Each structure stands twice: as structure tokens, then as C-alpha cells.
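Undergrad: need coordinates for the below:
(one chain, ligands or ions: 1)
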Amino acid sequence: MMSNHLKFINLAHDIASKNLGKTFPNPSVGCIISKNNRIISRGVTSSTGRPHAEEIALKKAGKKSAGATMYVTLEPCFHSSQNGSCTDQILRSGIKEVYISCIDQDPRTKNKSINKLKRNKIKVIIGIQKDKTLSTNNFFFKSLLNKKPFTKVKMAISSDDKIAWSNYQSKWISNSKSRKYVHDLRSKTQAILTTSKTILKDNPRFTVRKNNKIIKYLNVVVIDKNLNTPLNTKLLKNLHERRVIIVTSKNNPRSQKFKQLGCEVLEMKIENNKLNLKKIFTHLYKLKISDLLVEAGGILFADLIKNKLVNEIHLFRAPIIIGEKGIPVIEGNTLKNIKKKLIETIKFEDNLYSKYKVN
Ligand SMILES: NC(=O)c1ccc[n+]([C@@H]2O[C@H](COP(=O)([O-])OP(=O)(O)OC[C@H]3O[C@@H](n4cnc5c(N)ncnc54)[C@H](OP(=O)(O)O)[C@@H]3O)[C@@H](O)[C@H]2O)c1
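TA: Numbering: from 1, shown residues only. Next comes the predicted model:
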């Protein structure tokens, strides 16, 4: 039979995964407090990142925390918030033991909270269901390590590896079930990375929609060396709902117009007639963008692969042939050439979804 400890830590993971996509750039953390084998409160990282899961659960439990056990999916924070760090709040609460799935890799906390709790005679058990924390918050650990956003490339492709017709005719390649799944992926994403070329061809909204209702406006980063993005394009209509970061060349006179609309403009040096994607990613991380879904064409995809900036590839393959003149999924390269590991496949009627790990 499953122990109560395992049951409660699993429950903490369940509530953490439900909030994934809402806590960026922070990880989504779940917390359960139990006493006499009964749950007395629960908490999950709030959508603005603060308060943390532990703070919410402790507040709900109040005085009942004394002598109770806490189950938390990530090491509690060591750095202070308004009410003191989560670690100090745990110490004040009278909690007697803490189960922690995973050590926080943020140097402000890493092992410091665990050591402080132990020094204060709290029993600390580390590591149960560690892999669940690592997979739910993969973006957090990877972006912290690389100081760049975790990057997923999504592509709908034909059976001959094309992403659009030669005349850029705007037509869906994947079926409605696949597209519904894309909205799921978007809902767990902090920002879309695209190009002005894809915006000009498709005029995308970059929203999450459920039953035709918009439930999230995604932040968008646009690679746009010459500022070709039309000021009246759909995604610029909702700037009060989302961040739009336009990446362009230095001293572009049109920058001001985008700033006036409410966009952030990131001006970068042109190198070999291109923007340096590695430098852009480092800047994006400093701007607190730690997770990207790429929705652009094969030219950007090729440049991202060349610069080793892709962590995952999500392919939706449809049983159609576009033909030799179609736009390739990756310019000057082939999918076969990319070193990748298949993680998951799902059939969406006649479409095949494949998820690959790259870096
Ligand atoms: N099937 C799908 O899942 C899917 C998804 C998205 C888009 N699409 C389709 O893809 C087609 C466009 O694909 P594409 O491969 O032709 O274009 P793309 O990759 O979307 O954009 C290429 C353009 O982006 C800019 N760019 C890329 N890397 C850059 C860098 N390092 N520095 C500066 N600029 C850079 C350049 O534009 P400039 O130099 O001109 O500024 C380049 O010409 C559209 O038809 C769209 O509908 C399909």
C-alpha cells in the first residue's frame, strides 16, 4: 500500500502541475501540511510568483501547524519576502518535519534552507519524487543553469517535411485535434518566439483559446531586424494583456513607434547581416523570460539549431504532400541530421505528434 508520505507528496505535485504556466519566471511549487495523517492545508505558488506555496499553506493552517508535517515539491526559499523567507516562516510555525522533493538550484537558496531547518532540529527528508519536480519545472532548472530561456520548437509538417506551400498560402497543415494540443502547449508557455516574416504571412493572435474563448494572451518576442512588423497586426492589439518584445538592429528610427504602442524594444548589433541569437537569449533571460515556444519558419529554426539554443522539438506530422517547392521545416538542413531523443508520441486521428529532447 502507498505510504501516506508518498500520497501527500504526490498530491503536492498534482497541485503544482495544475499551476504550471502561471508562475513564470518562478517554478510552480505545491505544498501540503498534514497532522495525524490528515491534510490540514494546501498551497501552490501564486500566479504572480508570490506568495510562495509554503506561505499560503502555513497561513491557512494557522496555529494548527504546530507539530505538523509539511510536504513541499521544492526546497523552501532562503531569501526573504515581506513576511520573511519561507524557511523562517516554517521555523516560526512549529512544523516538526519537512519532506522536500528537490533541492533548489538557485544559489540564493541551494541547501541553505535545508541546513537551517536541520540546525533548528526540524527533521528533513529529501528526494521523494524528485524527478517529478525536475520534469514539471524543467524550464526553471535548465534556464537557471544556462542563463537562457528553455526553448521548445513547435512545427506542423507534411509527410515530406514542409511547413508551408511555396506561395506561403495560409492554410492549416495539422488537424483540429493537433491544434487543440498546441493550445495546451501554449498554456504552459511563458512567451512565443517568432519572426516578422511569419507575422506578415500568418497574422497570428498568439492566444490560448478554449471553445473559441480566449483564456490567455501569450507574451511574444519578435525577431525583426528591419522592423517590418505591421503596427496594426493582430498581436499588437492587446498590449495591456501581454508583453511584446521586438528585437531589432541598433538605432532603428522606427523603434520609437513600437515603444509608443507599448512594446519593449531590444536593440542589438548586427553581426554578419544577422542578429546574434545567443546574445538575444542572454538578454531575454535578464528580462525574466525563462521559457519560449518557437512558432516561426525553417530559417529561424535552422539558426536556433546552429546556435544550440533548442531544448525540445514538438512535431505534428500530417499525411499530406506539399512537394519540393514547399517551405522546408529547417532551412539548409534536415530533421534527420539533428541529434535528438524521442520522448513521447500521441496520435491525433491521422496526425502523429512526436516530442523530442535536444539539449
Ligand atoms: N507549419 C508550422 O508549424 C509553421 C509555424 C510558423 C510559421 N510557419 C510558416 O513559415 C513560413 C515562414 O518560414 P520561413 O522559414 O520562410 O521564415 P521564418 O523562419 O519565420 O523567418 C525568417 C526570417 O526571420 C529573420 N531571421 C531569422 N533568423 C534571424 C537572425 N538570426 N537574425 C535576424 N533575422 C533573422 C529573417 O528576416 P529578415 O532578415 O527579413 O528580417 C528571416 O528571413 C510562413 O509561411 C509561415 O506560415 C509554419
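Undergrad: which pLDDT value belongs to the nearest residue in space to residue 257 that is not next to it in sequence?
TA: Nearest non-adjacent residue to residue 257, counting by Cβ to Cβ, 6 or more residues apart in numbering: residue 231, 6.3 Å away. In short, each C-beta sits where N, CA and C put it, glycine included. The model reports residue 231 with a pLDDT of 96.
Undergrad: in the chain, which residue sits nearest the ligand?
TA: residue 297 (1.7 Å; Cβ to the nearest ligand atom).
Undergrad: was I right to think that residue contacts residue 195?
TA: Yes. Between residue 297 and residue 195 there is a contact at 6.9 Å, judged by Cβ atoms under 8 Å.
Undergrad: distance from the chain centre to the one helix or strand residue 133 maps to, please.
TA: In this structure, residue 133 sits in helix 130-136 according to DSSP states H and E. Relative to the mean C-alpha coordinate of its chain, helix 130-136 is positioned 14 Å out (Cα atoms, centre = their mean, to the nearest Å).
Undergrad: just checking, what packs against the following helix or strand past it?
TA: On the C-terminal side of helix 130-136, the nearest following helix or strand under DSSP H and E is helix 138-146. Packing contacts for helix 138-146, counted by 3 or more Cβ pairs under 8 Å, 6 or more residues apart in numbering; DSSP states H and E, involve strand 150-157.
Undergrad: and the strand it packs on with helix 138-146, angle?
TA: 120 degrees (axes from the mean of the first three to the mean of the last three Cα atoms, to 10 degrees).
Undergrad: strand 150-157 and the ligand, any residue contact?
TA: Yes. Looking at strand 150-157 against the ligand by Cβ under 6 Å from any ligand atom, the contacts come from 155-156.
Undergrad: in its sheet, what does that strand sit against?
TA: If you go by DSSP bridges, strand 150-157 pairs up with strand 291-294 (parallel), strand 312-317 (parallel).
Undergrad: put together CSV for these, with distance to residue 221 on each row.
TA: Below are the strands paired with strand 150-157 laid out as CSV (distance: least, Cβ to Cβ, whole Å):
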stretch, distance to residue 221
strand 291-294, 7
strand 312-317, 17
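Undergrad: from those strands, which stretch is densest packed?
TA: strand 291-294 (a mean of 25; mean count of other Cβ atoms under 10 Å).
Undergrad: downstream of it, the next helix or strand is which one?
TA: According to DSSP H and E, the helix or strand after strand 291-294 is helix 298-306.
Undergrad: so which bits of this structure are right by the ligand?
TA: So the chain meets the ligand at 155-156, 163-164, 168, 173, 195-198, 201-202, 223, 225-226, 274-275, 277, 295-300, 303, 327, 331 (Cβ under 6 Å from any ligand atom).
Undergrad: now the buried members of those residues.
TA: If you count burial by 16 or more other Cβ atoms under 10 Å, the buried members of those come out as 155-156, 163-164, 173, 195-198, 202, 223, 225, 275, 277, 295-300, 303, 327.
Undergrad: tell me where this protein has helices.
TA: For the chain, applying DSSP state H gives helices covering 4-18, 53-61, 86-93, 112-119, 130-136, 138-146, 176-187, 196-202, 255-261, 277-286, 298-306.
Undergrad: ok, residue 30 to residue 350 distance?
TA: Using Cβ to Cβ, to the nearest Å, we find residue 30 at a distance of 37 Å from residue 350.
Undergrad: whoops, I mixed them up, residue 358
TA: Applying Cβ to Cβ to residue 358 and residue 350 gives a distance of 26 Å.
Undergrad: so the two - more neighbours on which side?
TA: residue 358 (18 against 13; other Cβ atoms under 10 Å).
Undergrad: quick check, pLDDT for the more buried one.
TA: 97.
Undergrad: doesn't residue 263 make contact with residue 239?
TA: Yes. At 6.9 Å, residue 239 counts as touching residue 263 under the criterion of Cβ under 8 Å.
Undergrad: which one of these two is surrounded by more residues?
TA: The residue with more neighbours, out of residue 239 and residue 263, is residue 263; 20 against 13, by other Cβ under 10 Å.
Undergrad: any idea what the nearest residue to the more buried one once chain neighbours are set aside is bridged to?
TA: Nearest residue to residue 263, sequence neighbours excluded (Cβ to Cβ, 6+ apart): residue 244, at 4.6 Å. Beta-bridge partners recorded for residue 244 (DSSP bridges): residue 220.
Undergrad: can you put the strands paired with strand 150-157 in CSV and add mean pLDDT?
TA: Output for the strands paired with strand 150-157, formatted as CSV (pLDDT from 0 to 100):
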stretch, mean pLDDT
strand 291-294, 98
strand 312-317, 98
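Undergrad: relative to residue 303, how far out is the residue of the chain closest to the ligand?
TA: From residue 297 to residue 303 the distance is 11 Å (Cβ to Cβ).
Undergrad: ok, back up a step: tell me the contacts of the residue of the chain closest to the ligand?
TA: By Cβ atoms under 8 Å, 6 or more residues apart in numbering, the contact list for residue 297 reads 163-164, 195, 197-198, 327, 331.
Undergrad: cutoff 7 Å now
TA: 163, 195, 197-198, 327 (Cβ atoms under 7 Å, 6 or more residues apart in numbering).
Undergrad: again with residue 238
TA: With Cβ under 7 Å, 6+ apart, residue 238 has these contacts: residue 217.
Undergrad: now it: how far from residue 352?
TA: Residue 238 is 33 Å from residue 352, by Cβ to Cβ.
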